[in-house]
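Undergrad: Build me a model from this:
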Amino acid sequence: MSKEKKKKFGLFKFILALILIGLFIFAYGAYIEPKQFKVNEQKIESSKITDNFDGFKIVRISDIHYGNLFGLKDLKKLINRINELNADIVVLTGDLIDKSTKMTTSMASEMASELNKIEATSGKYAITGEDDVKFDEWSNIINNGGFIDLNNNYDTIYKNGYDFILIAGVSSFEDKESIVNKNQKTQNFINSFEKDGPIYNILLMHEPDYIDDLEDNKYDLILAGHSHNGQINIPLVKDFLIPEGAVKYSNGHYKLENSDLYVSNGIGVSDVNFRLFNTPSIDVYRLVK
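TA: As a prediction, the model looks like this:
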């Protein structure tokens, strides 16, 4: 073979290799990584935690975007994995449903039936994401799935005694209402105690950046979603894909004075149906004395 032919053949092999690598990356990001789950576990130490709540386990899921690459088979797989974790509470921080989903009565019934299989010893809680508010069926799916709708509301969790934890939620900021207004009912409850109030306060929200607008932040733990960590975890590309409302707090752990803010990278996909170097995650938080 002549030098010229060898050169052309080498160039052909190089181009072919690039094409094959590109096809592999596309297939992996579009069909393989979005179907995987990893579990991120965090130990949260606090002097506020009493013996009754030492080891209390919170399992959090976020941004499932059901109907967009995520269907009934995926939901069953997710729920089986959640139930292996033996949660005290399970929380959903928004965007259960994708905005592109063509919701039907049978689909809503299937979703609720599966969500009802999630096991938690002390309760299940959910709030809306900006996609959820487009669906009238969201409330029925959540309620029939055994979850408490925590939008702009709170609940108290007792375990083996008189000590209790407060868990609150605020709805998606798609409606442009301030977090101060959304949090007012919970704030009034917290302020009603001179002593013997909740030992630990948890807030569920979808779009994390709005936490800075909360004038009097009394929460110890804040769980948010929305960002998906950009879905494609490559510098610049990721930043371009992070949505408004999760630009400042896009992923991971942030210390906000006396609060710990954790932003999930989510489970599903939206807008760009692709995940790369960003495996869908179930987040576990264990409260420890």
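Undergrad: Which parts of the stretch 151-289 of the chain are strands?
TA: Along the stretch 151-289 of the chain, the stretches classed as strands by DSSP state E, counting those that start in this stretch are 153-158, 164-169, 200-204, 221-224, 252-256, 259-263, 281-288.
Undergrad: mind checking which of these is nearest Phe70?
TA: strand 281-288 (13.7 Å; Cβ to Cβ). C-beta: built from backbone N, CA, C; applies to glycine.
Undergrad: and that closest one with strand 200-204, angle?
TA: Using axes from the mean of the first three to the mean of the last three Cα atoms, to 10 degrees, one finds that strand 281-288 and strand 200-204 are set 170 degrees apart in direction.
Undergrad: Contacts for strand 281-288, please.
TA: Identification of contacts with strand 281-288 by Cβ atoms under 8 Å, 6 or more residues apart in numbering yields 37-46, 49, 53-62, 78, 81-82, 85, 87, 200, 221, 223, 262, 264-267.
Undergrad: Could you identify the buried members of the residues you listed?
TA: For the contacts of strand 281-288, a burial check counting by 16 or more other Cβ atoms under 10 Å picks out 37, 44, 49, 53, 56-62, 78, 82, 87, 200, 221, 223, 262, 264-267.
Undergrad: Helices - which of those land there?
TA: Of the buried ones among the contacts of strand 281-288, the ones assigned to helices by DSSP state H are Leu78, Ile82.
Undergrad: What segments of the stretch 101-250 of the chain are helices?
TA: Applying DSSP state H, counting those that start in this stretch to the stretch 101-250 of the chain gives helices spanning 105-115, 138-144, 179-182, 184-191, 237-241.
Undergrad: Out of these, which one sits most buried?
TA: Comparing these by mean neighbour count (mean count of other Cβ atoms under 10 Å), helix 138-144 comes out on top with a mean of 19.
Undergrad: Check which helices and strands that helix is in contact with.
TA: On a contact count with 3 or more Cβ pairs under 8 Å, 6 or more residues apart in numbering; DSSP states H and E, helix 138-144 meets helix 105-115, strand 148-149.
Undergrad: And these: which comes nearest Ile157?
TA: Ile157 lies closest to strand 148-149 among the helices and strands packed on helix 138-144, at 10.7 Å (Cβ to Cβ).
Undergrad: mind listing what that closest one pairs with, with the direction of each?
TA: Strand 148-149 pairs in its sheet with strand 124-127 (parallel), by DSSP bridges.
Undergrad: count of neighbours near Asn80?
TA: 12 (other Cβ atoms under 10 Å).
Undergrad: same question, Lys99
TA: The tally of other residues near Lys99 (other Cβ under 10 Å) stands at 17.
Undergrad: And for the one 3 residues further on?
TA: Other residues within reach of Lys102, judged by other Cβ under 10 Å, total 6.
Undergrad: residues in contact with the residue nearest to it when sequence neighbours are not counted?
TA: In this structure, Lys102 finds its nearest non-sequential neighbour in Gly67, 7.3 Å apart by Cβ to Cβ, 6 or more residues apart in numbering. Residues near Gly67 by Cβ under 8 Å, 6+ apart: Ile97, Asp98, Ser100, Thr101, Lys102, Met103, Met107.
Undergrad: got the contact list for the first one?
TA: Counting by Cβ under 8 Å, 6+ apart, Ile97 makes contact with Ile64, His65, Tyr66, Gly67, Met103, Asp131, Asp132, Lys134, Phe135, Glu137, Trp138, Ile141.
Undergrad: and if we set it to 7 Å?
TA: If a contact means Cβ atoms under 7 Å, 6 or more residues apart in numbering, then Ile97 has Tyr66, Gly67, Met103, Asp131, Asp132, Phe135, Trp138 as its contacts.
Undergrad: Now tell me what touches stretch 77-87 from outside.
TA: 37, 57-59, 90, 114, 117-120, 267, 282, 284.
Undergrad: Name the nearest of those residues relative to Val180.
TA: Looking across the contacts of stretch 77-87 and measuring by Cβ to Cβ, the closest to Val180 is Ile58, at 25.2 Å.
Undergrad: so the closest one touches Leu92, yeah?
TA: No: using Cβ atoms under 7 Å, Ile58 is not in contact with Leu92; the gap is 11.7 Å.
Undergrad: for the contacts of Ile97, which one is nearest Leu18?
TA: Nearest to Leu18 among the contacts of Ile97 is Gly67, at 34.2 Å by Cβ to Cβ.
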